[in-house]
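Colleague: Generate coordinates for the sequence data below:
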Amino acid sequence: MQFLRARIAVPAVLAALTLAALPLTASAQEMPARKAGLWQITTSGTTGANKNPEQVMQQCVDTASDQALQKMGSGMMNNMKCEKNENKKDGNKYTGHAICQMGPSKMESKSVTSGDFEKEYTMTADSTFNPPMAGISSSKSVMVAKWVGPCKADQKPGDVIVNGQKMNLLNMGQPQKK
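Modeller: Numbers count the residues shown, from 1 in each chain. Sure thing, here's the model as predicted:
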């Protein structure tokens, strides 16, 4: 069972790194803030030749938490050694192209993010890893985000619900209160 979780976890981590880092490499002034409230984000794609299971999560954001999450994503990119990190805006479309060192592997990613950020946005990312990372040489991801309304009463900005489990992205790495 642990092997199965590890096989699922590696592609999920690679996809998360790619998805988190790429659209957020643009400066906060370039990327519009999402509308405050509850967003449903559906991610699908492939890792190598394998189709990834669709992941659906809900994320509660406000202006401050959205900016903090963008800053976290930019920080991830700043901690990588990137020989290329280009971002361009054309209307409501943002394109990114990055070539970065991730441990022993060089990751090259191309992304396109588009939408109005008030009701919806979509991001696609294609990445290659050379040499392969954990046996994975490529990944393709599609993330579709839709605004579903105000955050629920038991949610606060930064909360994410994945597979029925809630965590706050802004509190990750901080000691839990007892």
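Colleague: Do you have the helices of this protein handy? List them.
Modeller: Taking DSSP state H to define them, one finds helices in the chain at 2-21, 63-78.
Colleague: Can you flag the weakest of those by average pLDDT?
Modeller: Ranked by mean pLDDT, the helices of the chain end with helix 2-21 at the bottom, a mean of 40.
Colleague: mind listing the strands in the chain by residue range?
Modeller: In the chain, the strands defined using DSSP state E lie at 37-47, 50-61, 81-90, 93-102, 105-115, 120-133, 136-149, 159-162, 165-168.
Colleague: closest one to Met31 among the ones you listed?
Modeller: Minimum separation from Met31 across these (CB to CB) falls at strand 93-102, 6.5 Å. Heads up, the C-betas are built off the backbone N, CA and C, glycines and all.
Colleague: Remind me what that closest one packs against, helices and strands.
Modeller: Applying 3 or more CB pairs under 8 Å, 6 or more residues apart in numbering; DSSP states H and E, one finds that strand 93-102 contacts strand 81-90, strand 105-115.
Colleague: if you compare these, which one is most tucked away?
Modeller: strand 105-115 (a mean of 19; mean count of other CB atoms under 10 Å).
Colleague: Identify all contacting residues around that strand.
Modeller: Identification of contacts with strand 105-115 by CB atoms under 8 Å, 6 or more residues apart in numbering yields 18, 21-23, 31, 92-101, 121-133, 145.
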